[in-house]
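Peer 1: let's see this in three dimensions:
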Amino acid sequence: MNRQALVGAFVLGGIALLVAAFVLFGNFHPFTRTEKAVLVFNGASSGLSVGAPVTFRGVQVGAVDRVVIEYDANTKKAFIPVYITMRPDNIVLAGSNKASMPHLRDLVAQGLRGEMNLRSFVTGSSEIDLDFAPGTPAVLHPDIATVTEIPTKQSTIQAMTQTLQDLPIKQLGDNANTAMIAIQELSEQLDRDLPPLVKSVHETSDQSQAMIMATRDLVEKLQPELMRTLQSVDRLANAGTDQLDARGKELHTLLQTSNDTIARAGKSLNNIDSMTSPRSAERVNLEASLRDLAAAASALRGFAGDVERNPQLLLTGRRQ
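Peer 2: Okay, here's the model as predicted:
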């Protein structure tokens, strides 16, 4: 009896340890509320296997139960539903009562979305990451999902992969090949044209250097003559300045004399104007003198006529 009791106790202890291991280290949580959900992916699910963790910003909230391939023969499209077991008790909405834990449908309505990301670059394993993204449209598949569906969004790696797939690799390769051919042709052309060009540059440089030397020699030869010419110009300028200074006084005297002459001429013109004025006394006297002269000339002409007719008048005179 003691041996049987010992064996029974050992078996019960082993079973208890096994259950504790499942509870502590596995996905078996007999006292935690779980919900089933499905995520439908359009792309490949490489590295995703049963038992892969389902995390929410790094915190594990579930595990992958099954990965299935759904192929639609009508649309020729293949979908990959990933069935998971969630423990929504680990997610608590702020301000809500803990007695009423949220359901997956409520979390999906709040914007819960899932994406597939690479878990390890070494092993190539993947995991499901959940996060709230209300801005991402919820694309559901009611024909495929038999349980609560969590909408999916494209992961960063998938976006990069899609971008790389959409790149026109062939066109880029053709453009690169064309560019390499053009570079090779340009290199060959440079190999043909560059030596004559370098030679021409050297010859031009030699000619320029010779011209510079000749110019320098000419400048050195002309420098004394230029200095003498500048000195002559300087002396001429000084002489011109002296002459202008000497003639300045004469010009001043000439201008003063001219001004005086012009003033006198102005006075003479004023006198002549006053004399020729109809009301001036000089003009009246002048007109009277002219009348007297005219009368005397008339009498003289009469006397001359009488003498011409009778010359004796010069001796006897006129008789009264």
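Peer 1: use CA for all of it now, contacts and neighbours both
Peer 2: Will do.
Peer 1: how close does residue 181 sit to residue 193?
Peer 2: Residue 181 sits 18 Å away from residue 193, going by Cα to Cα, to the nearest Å.
Peer 1: next one: residue 84
Peer 2: With distances defined as Cα to Cα, the gap from residue 84 to residue 193 amounts to 71 Å.
Peer 1: same check, this time on residue 293
Peer 2: Computed with Cα to Cα, the distance linking residue 293 and residue 193 is 116 Å.
Peer 1: the strands in this structure, which residues?
Peer 2: When secondary structure is read from DSSP state E, the chain shows strands at 35-41, 53-56, 59-67, 70-72, 77-86, 112-118, 126-132, 148-149.
Peer 1: looking at those strands, which has the lowest confidence?
Peer 2: By mean pLDDT, the lowest-scoring of the strands of the chain turns out to be strand 70-72, with a mean of 82.
Peer 1: distance from that strand to the middle of the chain?
Peer 2: Per Cα atoms, centre = their mean, to the nearest Å, the displacement of strand 70-72 from the mean C-alpha position of its chain is 54 Å.
Peer 1: what's the answer for stretch 76-84, then?
Peer 2: 51 Å.
Peer 1: quick one: buried residues of it?
Peer 2: Along stretch 76-84, the positions that meet the burial threshold by neighbour count (16 or more other Cα atoms under 10 Å) are 79-84.
Peer 1: now, the most widely separated pair of those residues?
Peer 2: The largest distance within these, taken as Cα to Cα, falls between 79 and 84 and amounts to 15.8 Å.
Peer 1: could you work out the end-to-end span of stretch 129-140 for me?
Peer 2: 18 Å.
Peer 1: could you list the residues in contact with that stretch?
Peer 2: By Cα atoms under 8 Å, 6 or more residues apart in numbering, the residues outside stretch 129-140 that reach it are 54-58, 110-117, 149-153.
Peer 1: and what of stretch 179-196?
Peer 2: Applying Cα under 8 Å, 6+ apart, stretch 179-196 turns out to have no external contacts.
Peer 1: how far off centre is that stretch?
Peer 2: On the basis of Cα atoms, centre = their mean, the separation between the geometric centre of stretch 179-196 and that of its chain is 34 Å.
Peer 1: give the rounded mean pLDDT of stretch 297-311.
Peer 2: The pLDDT scores in stretch 297-311 average 72.
Peer 1: count of neighbours near residue 54?
Peer 2: For residue 54, the count of nearby residues is 25 (other Cα atoms under 10 Å).
Peer 1: again with the one 4 residues further on
Peer 2: Under the neighbour criterion other Cα under 10 Å, residue 58 is assigned a count of 11.
Peer 1: and it, what does it touch?
Peer 2: By Cα under 8 Å, 6+ apart, the contact set of residue 58 is residue 129.
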